[in-house]
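Trainee: quick one, what's the 3D model for this:
(one chain, ligands or ions: 1)
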Amino acid sequence: MRSLITRPRALAVVLTGTALAFSPLGGSASARLPVDELRSLNCVTPAETGSAAKGGRGADHREMSAAEQRAVEARTAQILKAKAARGIAVPKGALAAASVPVYVHVMRDAAGNGDVTDTQIAQQMDVLNKTFAGGESASAANTGFTFNLVATYRYNNTNWHKDKQSATYRKQTRKGGANALNIWLVNFSYLGIATFPWDYSRNPGVDGIRVQYTSLPGGTATNYNLGETATHEAGHWFGLYHTFQGGCTATNDEVADTPAQSSSTNGCPVGRDSCSLPGLDPIHNYMDYSYDSCYNQFSPGQSTRISNMWTAYRA
Ligand SMILES: [Zn+2]
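Mentor: Here you go, the predicted structure:
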């Protein structure tokens with residue numbers, strides 16, 4: 001069973017960039033799929049394949065090339081400089097902080113699957129607040145960002161539950177501005193998929209994170225049911241890359257205090273050191289692929305990047 005989880009996960013890294021791959025083996029009985037179907041689901045990119053096929057990549061859920069990464073860094077620096085000139089920047093040495101309005105969209109199917117409880121949603125909010133405050137480790141950064149649940153919406157739509165027509169349903173249901181975190185709870189072959197902040201201006205209607213509903217606290221996604229998938233996806237939404245972005249390169253994820261790693265982590269292999277560059281792999285970092293129980297931190301460097309990206313694109 002493990003190989004079924006780890007192998008598609010590795011493939012998904014190559015194909016999908018920001019998607020955190022997931023085999024719904026731990027899902028409810030109705031969500032279970034035959035092995036063959038499961039494998040094929042994990043070996044293709046989901047809905048966004050359509051937009052890519054029509055020319056260009058989809059606006060979210062995409063792999064960033066080194067060139068695109070450089071372009072984002074240059075554009076971000078330019079925006080921050082322009083904002084500083086207009087007096088909008090965060091003072092030197094300080095970091096941005098904000099209370100993020102959160103809108104949760106519960107996508108239920110015709111049989112009522114996916115109908116997470118208000119208690120689970122409240123627990124998920126607690127996890128977001130704890131993880132972004134650095135509450136799981138003494139070496140974790142307090143990012144200064146908190147999350148405030150504004151509203152929960154529940155829909156009955158089997159297609160939406162399965163994350164079909166996601167660009168359409170997101171545009172129809174999304175709430176708030178660039179600073180609002182929309183979380184769509186669905187049942188798909190991933191743990192979660194996020195949009196990046198620098199894509200907001202081009203396609204604001206789809207901005208947010210899609211999260212496998214069984215990953216919420218108390219859900220059935222074995223090893224991934226402590227609610228930290230939402231933390232990982234929110235990390236992307238704030239502009240963080242995977243800690244294994246770029247592999248064993250000095251630039252890797254554009255964050256200096258997350259040592260380079262050659263590939264994503266599975267489980268919690270303490271001592272893993274997959275690159276000859278300094279430092280052990282940051283397996284406890286929320287932006288790796290480790291088990292929820294292994295995650296315990298964003299780094300100070302990631303907190304600074306979150307602050308910059310927020311100021312540039314979401315403030
Ligand atoms: Zn990810």
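Trainee: okay, CA-based contacts and neighbour counts for the rest of this
Mentor: Will do.
Trainee: check this protein for its longest helix and report it.
Mentor: helix 66-85 (DSSP state H).
Trainee: other residues contacting that helix?
Mentor: Applying CA atoms under 8 Å, 6 or more residues apart in numbering, the contact partners of helix 66-85 are 89-90, 198, 246, 308-309, 311-312.
Trainee: I'd like the average pLDDT over whatever helix or strand comes next after that helix.
Mentor: Proceeding N to C from helix 66-85, the next assigned helix or strand is strand 98-108, under DSSP states H and E. When pLDDT is averaged along strand 98-108, the result is 98.
Trainee: for the helix or strand following strand 98-108, buried residues please.
Mentor: Read in the C-terminal direction, the helix or strand following strand 98-108 is helix 118-132, with elements assigned using DSSP H and E. Residues 120-121, 123-132 are the ones in helix 118-132 that count as buried (16 or more other CA atoms under 10 Å).
Trainee: which residues are contacting stretch 196-205?
Mentor: In contact with stretch 196-205 (CA under 8 Å, 6+ apart) are residues 59-60, 72, 167, 170-172, 174, 178, 207, 236-239, 309-310, 313-314.
Trainee: no wait, stretch 121-129
Mentor: Surrounding stretch 121-129, the residues in contact under the criterion CA under 8 Å, 6+ apart are 145-149, 216-217, 227-228, 230-231.
Trainee: about what we covered before: and the contacts of stretch 196-205, which are buried?
Mentor: Neighbour-count burial (16+ other CA under 10 Å) is assigned, among these, to 59-60, 167, 170, 174, 178, 207, 236-239, 309-310, 313-314.
Trainee: keep only those of the residues you listed that are in helices.
Mentor: Where these overlap with helices, as defined by DSSP H, the overlap consists of 167, 170, 236-237, 309.
Trainee: would you turn the residues you listed into CSV with pLDDT and distance to the ion?
Mentor: Conversion of those to CSV gives the following (pLDDT from 0 to 100; distance: CA to the ion, whole Å):
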residue, pLDDT, distance to the ion
167, 95, 19
170, 97, 19
236, 95, 7
237, 97, 10
309, 97, 17
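Trainee: before we move on, which element is the residue nearest the centre of the chain in?
Mentor: Nearest residue to the geometric centre of the chain (CA atoms, centre = their mean): residue 233, 1.5 Å. Secondary structure assigned from DSSP H and E places residue 233 in helix 228-237.
Trainee: name the helices or strands packed onto that helix?
Mentor: Packing partners of helix 228-237 (3 or more CA pairs under 8 Å, 6 or more residues apart in numbering; DSSP states H and E): helix 118-132, strand 190-194, strand 209-212.
Trainee: can I get these in a markdown table with distance to residue 102 and mean pLDDT?
Mentor: Formatted as a markdown table, the helices and strands packed on helix 228-237 follow (distance: least, CA to CA, whole Å; pLDDT from 0 to 100):
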| stretch | distance to residue 102 | mean pLDDT |
| --- | --- | --- |
| helix 118-132 | 9 | 98 |
| strand 190-194 | 15 | 93 |
| strand 209-212 | 11 | 96 |
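Trainee: looking at the ones you listed, which is closest to residue 270?
Mentor: The stretch from the helices and strands packed on helix 228-237 with the least distance to residue 270 (CA to CA) is helix 118-132; that distance is 20.3 Å.
Trainee: tell me what angle that closest one forms with helix 228-237.
Mentor: Comparing the axes of helix 118-132 and helix 228-237 via axes from the mean of the first three to the mean of the last three CA atoms, to 10 degrees yields an angle of 50 degrees.
Trainee: just to check, residue 150 is in contact with residue 99?
Mentor: No - counting by CA atoms under 8 Å, residue 150 sits too far from residue 99 to count as a contact (11.1 Å).
Trainee: tell me, how many residues neighbour residue 159?
Mentor: 17 (other CA atoms under 10 Å).
Trainee: tell me which helix or strand it sits in.
Mentor: The secondary structure element spanning residue 159 is helix 158-161 (assigned by DSSP H and E).
Trainee: tell me the mean pLDDT over that helix?
Mentor: Regarding helix 158-161, the rounded mean pLDDT is 98.
Trainee: skip the chain neighbours and tell me the closest residue to residue 295.
Mentor: Counting by CA to CA, 6 or more residues apart in numbering, residue 284 is the residue found nearest to residue 295 once chain neighbours are left out, at 4.3 Å.
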